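Asks: Fold the following.
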Amino acid sequence: MVLGGVELGGPLYPQVEISFASTFDGDEWSEWSDWSPCSRTCDGGITQQFRRCKSVNGCHGVSIRRKMCNMQATNSRAINGDVKRNYTCSEYNDYRNEQCRAFNGIDYKGRRRTWEAIEDADNPCALTCRAEGTDIIAKLSQKLRDGTRCKSGALHVCIDGRCE
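Replies: Here you go, the predicted structure:
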């Protein structure tokens, strides 16, 4: 190939193939997944769906969508084999306490403890618990489960460790 009187591709000017590919080829997303099961049976939970970017150059948009679910304040649930109808969700399913109780009986500072939830105003989406009958307060997890209320009576919920 001759360009401006100079032959390209010869020993002085080897031919170099240059392609000008766009840095963004367009959205190549997978289909959205089905909605996940709701994180709670009542009193507000989170359901989410995912998609994957199939482009090596990236995609515009988000890969996760979340929405609130099961917002009703009551539900039916079997307690010790007895079906309780229309219980208030907080009576039988205090979500924050349930998460603390998951650590019951696990050794903490040399003793097995029983835990109860407390709210941490500075970090409302961390799992902060108190060992029952003591002044011991511990952050047992950096994140509450998605759908946990940021504080009692609030409409905001924790999602991925942030109050939203």
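Asks: Helices of this protein, start to end?
Replies: Secondary structure of the chain (DSSP state H): helices at 89-92, 95-101.
Asks: Where among those is average confidence lowest?
Replies: Comparing mean pLDDT across the helices of the chain, the weakest is helix 89-92, with a mean of 54.
Asks: First-to-last residue distance for stretch 41-52?
Replies: 28 Å (CA to CA, to the nearest Å).
Asks: ugh, typo on my part, it should be stretch 125-145
Replies: For stretch 125-145, the first-to-last residue distance is 8 Å (CA to CA).
Asks: Show the average pLDDT along that stretch.
Replies: On average, stretch 125-145 scores 94.
Asks: Quick one: residues in contact with that stretch.
Replies: The contact list for stretch 125-145, computed with CB atoms under 8 Å, 6 or more residues apart in numbering, reads 39, 95-96, 99-100, 103, 108-109, 113-120, 123, 148, 150, 158, 160-163. Using the backbone N, CA and C atoms, a C-beta is placed for each residue, glycine as well.
Asks: how about it: buried residues?
Replies: 125-131, 138, 140-141, 143-145 (16 or more other CB atoms under 10 Å).
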